[in-house]
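# I'll drop the sequence and a predicted model, then ask my questions.
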Amino acid sequence: MGKKKLVLVGNGMAGVRAIEEILKVNEEKFDITIFGSEPHPNYNRILLSKVLQGDTDVEDITINDWAWYEENNITLYTGESVSSIDSGKKVVVTDKGRIEPYDELILATGSLPFILPIPGADKKGVTAFRDIKDTDEMLAASKQFKKAAVIGGGLLGLEAARGLLNLGMDVSVIHIAPFLMERQLDQTAGKMLQNELEKQGMKFLLEKNTDSIIGDERVEAVTFKDGTQVEADLVVMAVGIKPNIALAKEGGLAVNRGIIVNDYLQTNIPHIYAVGECAEHNGIPYGLVAPLYEQGKVLAKHICGEETIPYKGSVLSTQLKVSGVEVFSAGDFIEDEEKKALKVFDDQDGIYKKLVFRENKIVGAVLFGDSRDGNRLFSMIQKQEDVSDTMKVAILQPIGGEAGESFVATMSDEEIICGCNGVSKGAIVQAIQEKGCTTVDQIKGCTTASRSCGGCKPLVADLLQHTLGADFDTSVQKEAVCGCTSLSREEVIEEITLKGLTHVKEVMNVLGWSSTEGCSKCRPALNYYLGMVNPVTYQDERESRFVNERMHANIQKDGTYSVVPRMYGGVTNANDLRKIADVVDKFEIPLVKVTGGQRIDLFGVKKEDLPSVWEELDMPSGFAYGKSLRTVKTCVGEQFCRFGTQDSMGLGITLEKKFEGLQTPHKVKMAVSACPRSCAESGFKDIGFIGIDGGWELYVGGNGGTHVRGGDLLYKVKTDEEAIEITGAYLQYYRETANYLERTSAWIERVGLEHVKTVLDDKEKRDELNARMDTTLSVYKDPWKEIIENKKTKKELFELVKS
Ligand SMILES: Cc1cc2nc3c(=O)[nH]c(=O)nc-3n(C[C@H](O)[C@H](O)[C@H](O)COP(=O)(O)OP(=O)(O)OC[C@H]3O[C@@H](n4cnc5c(N)ncnc54)[C@H](O)[C@@H]3O)c2cc1C
Ligand SMILES: NC(=O)c1ccc[n+]([C@@H]2O[C@H](COP(=O)([O-])OP(=O)(O)OC[C@H]3O[C@@H](n4cnc5c(N)ncnc54)[C@H](O)[C@@H]3O)[C@@H](O)[C@H]2O)c1
Ligand code: SF4
Ligand code: FES
């Protein structure tokens, strides 16, 4: 019998986790198709708070990359929404007119942010905080504007506010209730939280009912029903969410607040399931991942025809992800006639703990200032543990341990360490003892603990330390390449060199990777390290690269590609422009756009047209897709500008011609400006030159992206030759010592400017670095040309198009 067709609507956290669970139960059962409205593969929405707070980048929060879908034979349509369901014909129809039949359908459409229905809510500068697009909007606004107002003092609003503070904005939180996070905290904890956040620089407007948002085109202020107002050039609405049920409702499914499901996540229509924030179980739509993942497990077994315990609802626990503040809340935390509270308040150290009991069972807890006991208390709440024989105040002390001592030792094996993923202490200890895990990353790979909000990482580390004893220090202090190995980047490179390893699979085999296929983190990294160590002999492994680098073009949200030909130093000529114009006409390319890096970008190129487009352009690849030198932006300089003291275009073109196609740990951008006015924005590039009287200043480690960083002055040099020599040595040192996917801005902060200077001050070392750089550059071939000439690759990559 052929495979059944399974369609998932919603490529978010709950839906894709349910698919992962299904693959674990029976990977052969279904032909899987996923539709996602967003243009990205499945990413960790939770970590958007951390992206905004500057702790991580959008690029690093992917959970399942494009390769994962390919490897699991899942057809993924991103940027495509399902617009209707015909449960009679068992098909779904998308906004692109695609009709997809299903045997089983899972709806995981998540939630929509609640937008206050007030005048001005549609003004420019008003945003929700739900997805990458919203996060990008806030990041962009913070670069241009100063004043932010966050409406909503719940978890999301406070995490957004902390992020905007980190981005240098002046932030006011507008809250309707008399104290913060009233859905998770009592008044005492809410007020303590406010106190702490005020110390961090946040301002609060409590008991304020927003009336309107005013301004011309863009927001200028928020007004309140009491007649007052607050100025703002950015307004973030974080006033709750509502399950996204429109599709289900229109398709005839039973809905209330969410899509109504039974204990097996079935809706009222046969063969249609709902999971995640869009689903309502026993009157409750959940808004945290832990219950959604529990639902996914039950759904997976049921849909695969295996026996399973029913889903009976979840007790919730939350933690605020704001650094410097420890807040934990779980269960039913408000006392009343039936529920009595035990409270401990330490005014000196700012600690507050409260337990709520119904009869002799703990039903809720609030912790402020010290949340280490959170997981233990949460386990007790979940288990409905009877504490009649325990002195209640003793519950607040970790059993058998002194305050400050790690209490993982005292936890029982069933106690949950990772609340998001429901991973117990016992499961982690088993992974350490039986699977040889020695790092937090490996534990994540083996058990999923710490894969979501990351809040349990310290506990996982404690447990590793406790279980491994003396072996812990050496193994866990270093950062492993990924969860498949305990080896660090340095160790892997050393082993590649010593053992003469020559391909990715061999590295994994010889160095004892825990997974034979590796993961999306280590495969591209190993491919880079191998190429860096053996530039002449290494055969690049296309399958280990990210999709853009495999295709040598940037994939866009509609599945077409963008193509950027090389234009050295941003300088072009009539002949190249004519070729570009002809290609645009011939291939009916819908958008031609000049980029920030002074290049011409052709958008909307069909995958199958890529080789012909390159052939007809007959220009080198601009590598706009690669972890390599992207562009050298130049100002017009002494040739035409009255202020120019140097030949910026000349130096820029020479640099770009020399280093084009160089593989680097992350993208590298350069700029050359011929005077301190810096029209090419040299101070915000990985490497930037600024012309001065008698030479150049060389700035390094600049970044104009998500986390803006001004470059540091590395050297002043007199001639173009010196400039090129230093650039070569600097870039090679970065290539040899940075972690894969580490931008120069992060690398220079990690290793230190002074350290890099010390290395480069040594002429002998500089010569060695430049010699290795020259060897690497000597084997460069233009990838577009190679593909045009290689019929096999051309066919494999571009002609066998999966529809
Ligand atoms: C900034 C932030 C921080 C958070 N922090 C935490 C935290 O610390 N801990 C925690 O437990 N939870 C946290 N959450 C909540 C958590 O992210 C959500 O509970 C979880 O993402 C919900 O998963 P889901 O799959 O149900 O919905 P989503 O992740 O929203 O996925 C639904 C997807 O379906 C797509 N979709 C909708 N309709 C269609 C359609 N018709 N066709 C195709 N695609 C469609 C949507 O575009 C979306 O991509 C946070 C949320 C945010 C926004
Ligand atoms: N750390 C975490 O666990 C975390 C972090 C972020 C988001 N989330 C989840 O994301 C979802 C959305 O978070 P949220 O904070 O928006 O939802 P929420 O419902 O928890 O909080 C919304 C807050 O906005 C306030 N509010 C409502 N109307 C208002 C108004 N007119 N003016 C001012 N304040 C108003 C409410 O009093 C409430 O405190 C939730 O499911 C939440 O659990 C969780
Ligand atoms: S950086 Fe100086 S030299 Fe270059 S264009 Fe601007 S003003 Fe002219
Ligand atoms: S508690 Fe959130 S990832 Fe473990």
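Received, thanks. Numbers count the residues shown, from 1 in each chain. Ligands and ions are numbered 1, 2, ... in the order given.
# Tell me which residues touch the closest residue to ligand 3 within the stretch 101-250 of the chain, please.
Using CB to the nearest ligand atom, the closest approach of the stretch 101-250 of the chain to ligand 3 is made by residue 143 at 21.1 Å. All C-beta atoms are positioned from the backbone trio N, CA, C, and that covers glycine. Applying CB atoms under 8 Å, 6 or more residues apart in numbering to residue 143 gives the contacts residue 708.
# quick one: buried residues of the host helix or strand of it?
Per DSSP states H and E, residue 143 falls inside helix 132-144. Buried residues in helix 132-144, defined by neighbour count with 16 or more other CB atoms under 10 Å: 132, 134-135, 137-139, 141-142.
# What of stretch 345-359?
Counting neighbours by 16+ other CB under 10 Å, stretch 345-359 gives 351-358 as buried.
# How about stretch 244-261?
For stretch 244-261, the neighbour count (16+ other CB under 10 Å) marks 244-245, 247-248, 251, 253, 255, 258-261 as buried.
# Please flag which of the residues you listed sit within helices.
Using DSSP state H, 247-248 are the members of the buried residues of stretch 244-261 that sit in helices.
# in the stretch 251-400 of the chain, which spans are strands?
259-261, 272-274, 279-281, 317-319, 327-331, 339-346, 351-358, 361-368 (DSSP state E, counting those that start in this stretch).
# Report whether the first one contacts ligand 1.
The reference is to strand 259-261. No: using CB under 6 Å from any ligand atom, strand 259-261 stays clear of ligand 1, coming no nearer than 11.0 Å.
# Also the third one?
No: using CB under 6 Å from any ligand atom as the criterion, no contacts between strand 279-281 and ligand 1 are found, and the smallest distance is 7.9 Å.
# let's number from 552 now, not from 1
Right, with 552 as the first residue, what we last looked at is strand 830-832.
# ok now that strand, how far from the chain's centre?
Chain-centre distance of strand 830-832: 27 Å, with CA atoms, centre = their mean, to the nearest Å.
# And for the last one?
On the basis of CA atoms, centre = their mean, strand 912-919 sits 32 Å off its chain's mean C-alpha point.
# ok, now which ones touch whichever residue of the chain sits closest to ligand 1?
Taking CB to the nearest ligand atom, ligand 1 has its nearest neighbour within the chain at residue 563, 1.8 Å off. Contacts of residue 563 were listed using CB under 8 Å, 6+ apart, and they are 587, 593, 596, 659, 661, 827.
# Tell me where the stretch 952-1101 of the chain is predicted with low confidence.
Residue ranges of the stretch 952-1101 of the chain with pLDDT under 70: 952-958, 1022-1029.
# For the stretch 1052-1201 of the chain, just list every one of the strands.
Counting by DSSP E, counting those that start in this stretch, residue ranges of the strands within the stretch 1052-1201 of the chain are 1105-1106, 1112-1114, 1142-1145, 1151-1156, 1180-1185.
# which of the ones you listed is buried the deepest?
Per-stretch averages of neighbours, counted by mean count of other CB atoms under 10 Å, single out strand 1180-1185 among these, with a mean of 27.
# same question for that strand, mean pLDDT?
Averaged across strand 1180-1185, the pLDDT comes to 96.
# what helices or strands is that strand leaning on?
Judged by 3 or more CB pairs under 8 Å, 6 or more residues apart in numbering; DSSP states H and E, strand 1180-1185 is in contact with helix 1199-1210, strand 1219-1224.
# Can you show me the helices along the stretch 1102-1251 of the chain?
Using DSSP state H, counting those that start in this stretch, the helices of the stretch 1102-1251 of the chain run over 1125-1137, 1161-1168, 1199-1210.
# between those, which one is nearest to ligand 3?
Of all the helices of the stretch 1102-1251 of the chain, helix 1199-1210 sits nearest to ligand 3, with 5.8 Å by CB to the nearest ligand atom.
# next one: the closest one to chain centre, how far?
34 Å.
# Next: stretch 664-684.
22 Å.
# That stretch close to ligand 2?
Yes: in terms of CB under 6 Å from any ligand atom, part of stretch 664-684 sits within range of ligand 2, namely residue 667.
# gap between the two ends of that stretch?
Stretch 664-684 has an end-to-end distance of 13 Å (CA to CA, to the nearest Å).
# Check which helix or strand residue 994 maps to.
helix 991-998.
# On the C-terminal side of that helix, identify the next helix or strand.
Counting by DSSP H and E, the next helix or strand C-terminal to helix 991-998 is helix 1008-1019.
# which residues sit against that following helix?
With CB under 8 Å, 6+ apart as the criterion, helix 1008-1019 contacts 926, 957, 959-960, 968-969, 976, 979-980, 983-984, 988-991, 994, 1000-1001, 1023, 1026-1027.
# then it to CSV, C-alphas only?
The C-alpha coordinates for helix 1008-1019 follow below in CSV (Å, rounded to 0.1, in the frame of the first residue of the first chain):
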residue,chain,number,x,y,z
LYS,A,1008,20.7,25.3,30.4
PRO,A,1009,22.2,26.1,33.8
LEU,A,1010,20.4,23.1,35.4
VAL,A,1011,21.5,20.8,32.6
ALA,A,1012,25.1,22.1,33.1
ASP,A,1013,24.7,21.5,36.9
LEU,A,1014,23.5,18.0,36.2
LEU,A,1015,26.4,17.3,33.8
GLN,A,1016,28.9,18.5,36.4
HIS,A,1017,27.2,16.4,39.1
THR,A,1018,27.1,13.3,36.9
LEU,A,1019,30.5,13.6,35.3
